[in-house]
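J.: give me the fold of what follows.
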Amino acid sequence: MDIVHKIGRRKTAVARIYLSEGKGTITVNKKDYKSYFTTGTLQYKVQQPLMLTENLTSYDIKVNVYGGGITGQAEAIRLAITRALVSINEEHRTVLKPEGLLTRDPRMVERKKFGQKKARKKFQFSKR
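T.: Okay, here's the model as predicted:
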């Protein structure tokens with residue numbers, strides 16, 4: 001099996017993953033994913049597609065991720081891993097699609113408008 005390269009995005013985070021056959025190690029920005037993502041929730045998000053397809057110890061994954069916050073990065077990695085698993089075996093789609101892992105979350109930060117305090121909040125109007 002060759003190395004599979006896929007990209008996942010979430011908000012402003014971009015994750016590039018390189019998936020190859022191996023023992024199940026996940027490296028994020030040259031660190032172990034458990035030291036990069038310290039909370040259990042984020043570690044679960046990264047492992048979720050592998051757990052659902054029962055491939056936790058089948059593949060080695062190298063990840064380069066940048067931009068966004070820590071949660072956006074974890075979800076970008078999750079999307080990239082899901083896309084890679086589906087490209088390897090099309091049958092994984094039936095397991096991962098109902099969980100919503102194949103959908104790219106399109107929500108982005110709304111831009112700030114001219115003449116306003118924030119995107120929707122206005123400056124306070126005072127009558128004297």
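J.: so for the closest residue to residue 26 other than its chain neighbours, what's the pLDDT?
T.: In space, and not counting its chain neighbours, residue 26 is closest to residue 33: 4.2 Å by C-beta to C-beta, 6 or more residues apart in numbering. All C-beta atoms are positioned from the backbone trio N, CA, C, and that covers glycine. Residue 33 carries a pLDDT score of 92 in this model.
J.: repeat for residue 75
T.: Confidence score, pLDDT, at residue 75: 95.
J.: that one: neighbour count?
T.: 24 (other C-beta atoms under 10 Å).
J.: check which helix or strand it maps to.
T.: helix 70-88 (DSSP states H and E).
J.: contacts for that helix?
T.: By C-beta atoms under 8 Å, 6 or more residues apart in numbering, the residues outside helix 70-88 that reach it are 1, 4, 6-17, 19, 28, 37, 42, 45-46, 48-50, 53, 55, 61, 63, 65, 67-68, 92-93, 96, 101-102, 104-105.
J.: could you flag which of those residues are buried?
T.: If you count burial by 16 or more other C-beta atoms under 10 Å, the buried members of the contacts of helix 70-88 come out as 4, 6, 8-11, 13-17, 19, 28, 37, 42, 45-46, 48-50, 53, 55, 61, 63, 65, 68, 92, 96, 101-102.
J.: among those residues, name the ones in helices.
T.: Assignment to helices by DSSP state H places the following of those there: 42, 45-46, 48-50, 96.
J.: mind putting those into TSV with distance to residue 119 and pLDDT?
T.: Formatted as TSV, those follow (distance: C-beta to C-beta, whole Å; pLDDT from 0 to 100):
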residue	distance to residue 119	pLDDT
42	27	95
45	27	94
46	30	93
48	31	93
49	33	93
50	37	92
96	33	92
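J.: quick one: which of the residues you listed is nearest to residue 123?
T.: Relative to residue 123, the closest of these is residue 42; by C-beta to C-beta it sits at 37.4 Å.
J.: how close does the closest one get to residue 48?
T.: 11 Å (C-beta to C-beta, to the nearest Å).
J.: the residue nearest the centre of the chain and residue 63, how far apart?
T.: Centroid-nearest residue in the chain, with C-alpha atoms, centre = their mean: residue 76, separated by 1.7 Å. Noted for residue 76: a distance of 9 Å to residue 63, by C-beta to C-beta.
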